[in-house]
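Peer 1: Have a look at this prediction, sequence included:
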Amino acid sequence: MTQTVLVLNSGSSSLKYQLVDPTSGQSVAGGIVERIGESTGSATHQWGESETVRDAPVPDHGAALRLVLDLFDETGPSLADAGITAVGHRVVHGGAVFTEPTPVDDDVVTAVRDLIPLAPLHNPAAVKGIEVARELLSHLPHVAVFDTAFFAPLPAAAATYALDRKVTAEHGIRRYGFHGTSHGFVSSAVTAHPAVVAKLAAEGRGPETLRQVVLHLGNGASASAVLGGRPVDTSMGFTPLEGLVMGTRPGDVDPGIVFHLVRAGMSAPDVDTLLNKQSGLLGMSGVNDMREVRKLADSGDADARLALEVYLHRLRKYVGAYAAVLGGIDVLTFTAGVGENDHRVRSGVVRDLKFLGLSIDPAANEARSDEARVVSMTPGPRDGSEPLAALRQGQEPPVETPLVMVVPTNEELAIARQTMELVEGS
Ligand SMILES: Nc1ncnc2c1ncn2[C@@H]1O[C@H](COP(=O)(O)OP(=O)(O)O)[C@@H](O)[C@H]1O
Ligand SMILES: CC(=O)OP(=O)(O)O
Ligand SMILES: [Mg+2]
């Protein structure tokens, strides 16, 4: 019988789930419960060709999981017959404690709960999801897979904040980095991609020299610099607030703004809410979904246009910074909801980075596909396209022209694989 893993990805207001066969990589069934805690909730469950939608308020992540198990019961596939070997849970913050996938016991739940102040949007949902899943699926092993784990080996120069060393030691302050499951999955997929394998072979180099920048642009967004498969820098920090502009978070801000606001009478919890829930695209334009920001900008809304400019400016800055950190870029990759779907964000980032040799092939960039693919100009003259060489006074482009790629992330599959590995190895 096929063995499967049930993967639960508890977000701040959603629960995404997949029943995955980690060996084939196939998703058997899955879905999402959205707007948890709001007055209008909704669940969408997919199995094969069938899709079931339930609209009803869902008070918390426990209720969301109960609803998901009911949907499996009512519409299939039957979880009893699905050959489930384990449940894999995405946990955003693992702190300094968790750097590997970890079997869940009571102490692990307590430790994840203790980390809530460092990931206030994400860890509460993970705790709730784990508690209810352990209760309802008590016969199965549960494994926690941490967003921070991939970044545990960050070099000290990238991980250390230039603060008083006694304070950083006492409070465990360092750059942890997040979306690590995605950055790990995508950077491995890039390394294995035929275009990258061919590029390295043509240049006579091994994969240990591959310099990648990965842009994970979802609701939360982060960049990473990866050398030979190992992370050397990432934009999120001690918490998932730092770095790129996100749906509701500002990314980098001057910490002096926080003190100014507190001195001006705003409470610390209000500043926390401002930074986690009322900033980023939402704060600047009134909407947090990139599709809505686009609509507003296309209709001439000045705030939405500025929000897009700020978003792109920050991305270009990080790509440039990581080119410096890596000593050059071999592959720049876009992933997650915005990165995979919004070709204008991709061209907007790359447009002004020609000095790094980066380019976009408009036809490849605008074509829709669910496959990992190259969207830059291929080195060498090509029919109908203007080769990068044109930028270099008609010279042949060098073979080391960097690639720009779009690679769909699959955090659920990565979690399923790591969960299965741990369960089978124990
Ligand atoms: N076709 C699209 N064009 C632009 N943005 C899109 C498109 N499809 C999805 N997105 C963006 O992707 C975001 C969600 O990305 P996703 O990776 O699913 O985020 P998360 O896992 O953090 O919820 C949405 O907020 C939306 O802005
Ligand atoms: C860490 C983080 O920001 O996750 P998400 O993008 O799911 O909000
Ligand atoms: Mg995500």
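Peer 2: Arrived safely. Ligands and ions are numbered 1, 2, ... in the order given.
Peer 1: What score does residue 387 have for pLDDT?
Peer 2: At residue 387, the model reports a pLDDT of 42.
Peer 1: what do you get for the one 10 residues further on?
Peer 2: Looking at residue 397, its pLDDT reads 41.
Peer 1: Run through the residues that contact the closest residue to ligand 2 within the stretch 251-400 of the chain.
Peer 2: The stretch 251-400 of the chain approaches ligand 2 most closely through residue 336 (7.4 Å), counting by C-beta to the nearest ligand atom. Every residue, glycine included, has its C-beta placed from N, CA and C. Residues in contact with residue 336 (C-beta atoms under 8 Å, 6 or more residues apart in numbering) are 179, 182, 216-218, 221, 409.
Peer 1: Closest one of these to ligand 1?
Peer 2: Using C-beta to the nearest ligand atom, residue 218 comes nearest to ligand 1 of those, at 2.7 Å.
Peer 1: contacting residues around whatever residue of the chain ends up closest to ligand 2?
Peer 2: Nearest to ligand 2 in the chain, going by C-beta to the nearest ligand atom, is residue 220, at a distance of 2.2 Å. Shown in contact with residue 220 (C-beta under 8 Å, 6+ apart): 178-179, 236, 240, 246-247, 249.
Peer 1: residue contacts, residue 362?
Peer 2: residue 347.
Peer 1: how about it, phi and psi?
Peer 2: When quoted as degrees, to the nearest 10, the phi and psi of residue 362 stand at phi -50, psi -40.
Peer 1: Return the residues of the stretch 251-400 of the chain in contact with ligand 1.
Peer 2: Listed as neighbours of ligand 1 in the stretch 251-400 of the chain under the rule C-beta under 6 Å from any ligand atom: 289-291, 336-338, 341-342.
Peer 1: Mind doing that once more with 8 Å?
Peer 2: 281, 288-294, 336-342, 345 (C-beta under 8 Å from any ligand atom).
Peer 1: Filter those residues down to just the ones in helices.
Peer 2: Using DSSP state H, 281, 290-294, 336-341, 345 are the members of these that sit in helices.
Peer 1: Skipping its backbone neighbours, what lies nearest residue 5 in space?
Peer 2: Closest residue to residue 5 apart from its sequence neighbours, by C-beta to C-beta, 6 or more residues apart in numbering: residue 416 at 3.9 Å.
Peer 1: same question, residue 94
Peer 2: Of all residues not flanking residue 94 in the chain, residue 146 sits nearest, at 3.2 Å (C-beta to C-beta, 6+ apart).
Peer 1: Can you report how many residues neighbour that neighbour?
Peer 2: Residues lying near residue 146 (other C-beta atoms under 10 Å) number 29.
Peer 1: So what sits opposite it in the bridge?
Peer 2: Following DSSP bridges, residue 146 is listed with bridge partners residue 91.
Peer 1: closest to ligand 1 among the residues of the stretch 251-400 of the chain next to ligand 1?
Peer 2: Once C-beta to the nearest ligand atom is applied, the member of those that ends up nearest ligand 1 is residue 337, at 2.0 Å.
Peer 1: Run through the residues of the stretch 201-350 of the chain sitting next to ligand 2.
Peer 2: Checking the stretch 201-350 of the chain against ligand 2 by C-beta under 8 Å from any ligand atom, the hits are 216, 218-222, 236, 240, 246-247, 249, 336.
Peer 1: Turn the residues you listed into TSV, columns for distance to residue 94, pLDDT and secondary structure.
Peer 2: Shown next, in TSV, are these (distance: C-beta to C-beta, whole Å; pLDDT from 0 to 100; DSSP: H, G, I helix; E, B strand; the rest coil):
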residue	distance to residue 94	pLDDT	secondary structure
216	17	98	strand
218	19	94	coil
219	20	90	coil
220	16	94	coil
221	20	97	strand
222	16	98	strand
236	13	98	coil
240	12	95	coil
246	20	97	coil
247	23	95	coil
249	20	97	coil
336	20	96	helix
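Peer 1: Most neighbours out of the contacts of residue 220, which is it?
Peer 2: Neighbour-wise, the contacts of residue 220 (other C-beta under 10 Å) top out at residue 179, 31 neighbours.
Peer 1: from memory it sits against residue 148, does it?
Peer 2: No. Residue 179 lies out of contact with residue 148 (C-beta atoms under 8 Å); the separation is 9.5 Å.
Peer 1: what's the first-to-last distance across stretch 231-249?
Peer 2: 23 Å (C-alpha to C-alpha, to the nearest Å).
Peer 1: what do you get for stretch 255-273?
Peer 2: Across stretch 255-273, the terminal residues are separated by 15 Å (C-alpha to C-alpha).
Peer 1: Now do it: distance to the chain's middle.
Peer 2: Mean-position distance between stretch 255-273 and its chain equals 28 Å (C-alpha atoms, centre = their mean, to the nearest Å).
Peer 1: Please apply the same query to stretch 68-85.
Peer 2: Using C-alpha atoms, centre = their mean, the offset of stretch 68-85 from its chain centre is 27 Å.
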